[in-house]
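**Q** quick one: sequence and predicted model below, then my questions.
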Amino acid sequence: MSNDDDVPSEYPYAWSSSSQLPLDEFLTKYKPSMVQDDGTKPWLWVRKCAADAEDSDMVAAVEEATELLEDVTTRVEEIKNDDSIPLRANKKKGTKSKKELRESVQSEATEKLKEISIRNGFVSGKWLIFAPTDKVDLVWSTIANSLISGPLASTSAHLTKVATCPKHEVPNYSHVLCLYIPNVYDKEDVTEIMKVLLRKHGMNLMGVKSNLYTAIGLDSKHPSGIPSTVWKNSALMPEPEIKKLREEYFAELSAAKTNDADKTAVTAKATTGIVTKSKPKLKRKAEDDDPFASDDESKDAKPTPKEKTKSSGATTSKKAAPKAKKSAAKDDFGSDDESAEDNDEQARKAEVAAKKATSKGKPAKRLKEDDEEDEDVEERPKRKHARK
């Protein structure tokens, strides 16, 4: 018969300080929500150290406890089926109810089980924690890390395990997690571990169970009705204090998250500020320089023929008329009639040139009309000179 906290030899789903994998890698590789029990891997284990050797006679303790459990189960069943025992107590007659008689037998059995455990030195046990599949990975990694290098490392807890997924799907399945302690009847030690679990990890605890109880098959559904835990939470600490410790943990966790969020926001703001300052430089460079041209090419760049045409066209359209006027004024040898005609001709040419400069984008029909008009303008002065 093996103890409840005996890790199977050469079991691949167990971690200890001698393991080749670091703990973080082990927890990442083997997650309780992902490992399915096929009959060979019901648990994942993490061991801090080997438990102190118990000077115990586990076999004798189990045999004696098993006989007691059978006897109590029989007595409880007899009370249920005894019609002479009333359902309700009668203080005047001094009779007890069925429930009171059952609880009395069960309480007496609990004390006897404790005496058997202590007498035989079989007092080890565990804190029980339950977690749904969607949260079990976080709970498991929290407890495992804490046991090896966190708050639980300084306590007497030495081993933890968690149930893997069942072979067949079970609705609303909860994984049980066990944190092993050397002596479940050491109330002070058990309470110290409880405070760490509440204040440092915000755990929802389900009580402390003896390994002897596990060995004899005593669970919450056993027909004997004996409580399946040695300690209930309220027997170790008042409920208000339990609630306060958990609330302090979650308040601290919330503050830490808020602080991290603030730091992230400040970092993001600072990073954004740096990027914002650098953007105008990039923008100006994109506008002024060709990113594919060398510095020499940028310096020697010359306007294209198209750009020259646009430039000369724009200059002609703006300054052609004044130039024609000045040219006419400098002709001192022309007659008044010729000067007037030349002036008219010069003005018409300037007008034609201006129209040509602004004709880009006009419809083809309009351009053609402008060209015909220009030809008429060019021909009229020539005919007039011919007659003279």
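**A** Nice, thanks for sending it over. Numbering: from 1, shown residues only.

**Q** contacts and neighbour counts: CA atoms only from here.
**A** OK.

**Q** for the stretch 51-200 of the chain, what spans make up the helices?
**A** 58-81, 98-120, 133-149, 187-199 (DSSP state H, counting those that start in this stretch).

**Q** quick check: angle from the second one to helix 58-81?
**A** Using axes from the mean of the first three to the mean of the last three C-alpha atoms, to 10 degrees, one finds that helix 98-120 and helix 58-81 are set 170 degrees apart in direction.

**Q** mind exporting the C-alpha coordinates of helix 98-120 to PDB?
**A** Output in PDB follows, covering the C-alpha atoms of helix 98-120 (Å, rounded to 0.1, in the frame of the first residue of the first chain):
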ATOM      1  CA  LYS A  98     -32.400  10.800  13.800                       C
ATOM      2  CA  LYS A  99     -30.200  13.700  12.600                       C
ATOM      3  CA  GLU A 100     -28.800  14.300  16.100                       C
ATOM      4  CA  LEU A 101     -28.100  10.600  16.700                       C
ATOM      5  CA  ARG A 102     -26.300  10.300  13.400                       C
ATOM      6  CA  GLU A 103     -24.200  13.400  14.000                       C
ATOM      7  CA  SER A 104     -23.200  12.100  17.400                       C
ATOM      8  CA  VAL A 105     -22.000   8.900  16.000                       C
ATOM      9  CA  GLN A 106     -20.100  10.700  13.200                       C
ATOM     10  CA  SER A 107     -18.500  13.100  15.500                       C
ATOM     11  CA  GLU A 108     -17.300  10.300  17.800                       C
ATOM     12  CA  ALA A 109     -15.900   8.500  14.700                       C
ATOM     13  CA  THR A 110     -13.900  11.700  13.700                       C
ATOM     14  CA  GLU A 111     -12.200  11.700  17.100                       C
ATOM     15  CA  LYS A 112     -11.400   8.000  16.800                       C
ATOM     16  CA  LEU A 113      -9.900   8.500  13.400                       C
ATOM     17  CA  LYS A 114      -7.700  11.300  14.700                       C
ATOM     18  CA  GLU A 115      -6.600   9.100  17.600                       C
ATOM     19  CA  ILE A 116      -5.700   6.200  15.200                       C
ATOM     20  CA  SER A 117      -3.700   8.600  13.000                       C
ATOM     21  CA  ILE A 118      -1.700  10.100  15.800                       C
ATOM     22  CA  ARG A 119      -1.100   6.800  17.500                       C
ATOM     23  CA  ASN A 120       0.200   5.200  14.300                       C
END
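
**Q** just checking, what packs against it?
**A** Applying 3 or more C-alpha pairs under 8 Å, 6 or more residues apart in numbering; DSSP states H and E, we find helix 98-120 packed against helix 58-81.

**Q** list the buried ones in the helix it packs on?
**A** Residues of helix 58-81 classed as buried: 58, 61-62, 65-66, 69, 72-73, 75-76, 79 (neighbour count, 16 or more other C-alpha atoms under 10 Å).

**Q** who touches that helix?
**A** Surrounding helix 58-81, the residues in contact under the criterion C-alpha atoms under 8 Å, 6 or more residues apart in numbering are 1, 85, 98, 101-102, 105-106, 109, 113, 116-117, 120-122, 212, 215-216, 223-225.

**Q** what about that helix, average pLDDT?
**A** Averaging pLDDT along helix 58-81 gives 97.

**Q** just the CA coordinates for that helix, please, in PDB.
**A** The C-alpha trace of helix 58-81 is given here as PDB (Å, rounded to 0.1, in the frame of the first residue of the first chain):
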ATOM      1  CA  MET A  58       0.500   3.200   7.800                       C
ATOM      2  CA  VAL A  59      -0.700  -0.300   7.200                       C
ATOM      3  CA  ALA A  60      -2.000  -0.700  10.800                       C
ATOM      4  CA  ALA A  61      -3.600   2.700  10.700                       C
ATOM      5  CA  VAL A  62      -5.500   1.900   7.500                       C
ATOM      6  CA  GLU A  63      -6.700  -1.500   8.800                       C
ATOM      7  CA  GLU A  64      -8.000   0.000  12.000                       C
ATOM      8  CA  ALA A  65      -9.600   3.000  10.400                       C
ATOM      9  CA  THR A  66     -11.300   0.800   7.800                       C
ATOM     10  CA  GLU A  67     -12.900  -1.400  10.500                       C
ATOM     11  CA  LEU A  68     -14.100   1.800  12.300                       C
ATOM     12  CA  LEU A  69     -15.600   3.200   9.100                       C
ATOM     13  CA  GLU A  70     -17.500   0.000   8.400                       C
ATOM     14  CA  ASP A  71     -18.900   0.000  11.900                       C
ATOM     15  CA  VAL A  72     -20.000   3.600  11.700                       C
ATOM     16  CA  THR A  73     -21.600   3.100   8.300                       C
ATOM     17  CA  THR A  74     -23.700   0.200   9.700                       C
ATOM     18  CA  ARG A  75     -24.800   2.200  12.800                       C
ATOM     19  CA  VAL A  76     -25.800   5.300  10.700                       C
ATOM     20  CA  GLU A  77     -27.800   3.000   8.400                       C
ATOM     21  CA  GLU A  78     -29.600   1.500  11.400                       C
ATOM     22  CA  ILE A  79     -30.500   4.900  12.700                       C
ATOM     23  CA  LYS A  80     -32.000   5.900   9.400                       C
ATOM     24  CA  ASN A  81     -34.200   2.700   9.300                       C
END
